[in-house]
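Visitor: give me a model of this one.
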Amino acid sequence: MIDALYVSPHFDDAVFSCGGQIYDRAQRGARVLVVTICAAPPPAPSELSPFAASLHARWSVSGQSNFDRAAEDRAALAVLGAKPVHLNFHDCIYRRSAKGDWLYASEAAIFGELSPRESTVAAAVAAALAGVGPLAPGVEIHIPFGIGGHVDHQLARVAAEQWLVNTRHPLRHYADYPYAQSVVGGIETPITEAARQAKIRAVRAYASQLSSFWADDEMMIASVSGWAERVFE
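Guide: Below is the predicted model of the structure:
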């Protein structure tokens, strides 16, 4: 049975936002599950939009064109002592309308509104989340608050709230790091120094994503070390 469940829009979000508390929970013997929603394998390179192709170029590690975000996630969660579950939904940059056009083909689009042309996707995600388990009585569910406005973070919050509307599980919204760095509010979740160091190692496991947020390893360590994990009741 699962004692604590974290819903992550992408492979790195729960670890970036909550990695320290995940580690501390696991060290206390809790069975922690991290469920990543947008975890379907990406399309072939020839089937990417120009915007997605540009992101893939940025995510290539050490000049290599291939990367495996799912493997990065498994490695990161092994550091923290949590179990990964990967759902079969595509990242927004890969999603198309029924007519085949790209729904989110620019930086502005992925930080805009959820497209009305995928109005059923939240219900599908909610149904997939309902199939995860088994959950212990009183299991704590942690979902993104949606700070920063990324459409997949919006989707994760809406879908998780739909899933949980008729349950009695305690629900907490976590502050989405690094987007939440400039936002005040919430309740700080204290973590141990061991958890802070484990989180840095786990963040480093997402090698393809680091250059999107930090210029180098030193800047990552300084930023992650200075971030106080927060939740909103």
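
Visitor: where along this protein do the strands fall?
Guide: Secondary structure of the chain (DSSP state E): strands located at 2-8, 32-36, 83-86, 135-144, 171-174, 187-188, 230-232.

Visitor: using JSON lines, please lay out those strands together with mean neighbour count and distance to residue 120.
Guide: From N, CA and C alone the C-beta is placed, and that goes for glycine too. Listed next are those as JSON lines, based on neighbours: other Cβ atoms under 10 Å; distance: least, Cβ to Cβ, whole Å:
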{"stretch": "strand 2-8", "mean neighbour count": "24", "distance to residue 120": "19"}
{"stretch": "strand 32-36", "mean neighbour count": "24", "distance to residue 120": "20"}
{"stretch": "strand 83-86", "mean neighbour count": "18", "distance to residue 120": "21"}
{"stretch": "strand 135-144", "mean neighbour count": "19", "distance to residue 120": "20"}
{"stretch": "strand 171-174", "mean neighbour count": "20", "distance to residue 120": "23"}
{"stretch": "strand 187-188", "mean neighbour count": "11", "distance to residue 120": "34"}
{"stretch": "strand 230-232", "mean neighbour count": "18", "distance to residue 120": "27"}
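
Visitor: with distance to residue 218 and mean pLDDT added, can I get those strands in CSV?
Guide: Formatted as CSV, the strands of the chain follow (distance: least, Cβ to Cβ, whole Å; pLDDT from 0 to 100):
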stretch, distance to residue 218, mean pLDDT
strand 2-8, 26, 96
strand 32-36, 27, 98
strand 83-86, 28, 98
strand 135-144, 27, 91
strand 171-174, 26, 96
strand 187-188, 25, 96
strand 230-232, 24, 92
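
Visitor: go through the ones you listed and name the closest to residue 216.
Guide: Of all the strands of the chain, it is strand 2-8 that lies closest to residue 216, at 24.8 Å by Cβ to Cβ.

Visitor: what strands line up against that closest one, and which way round?
Guide: Strand pairing for strand 2-8, using DSSP bridges, gives strand 32-36 (parallel), strand 135-144 (parallel).

Visitor: nearest to residue 184, of the ones you listed?
Guide: Closest to residue 184 of the strands paired with strand 2-8 is strand 135-144 (Cβ to Cβ; 17.4 Å).

Visitor: all set now, cheers.
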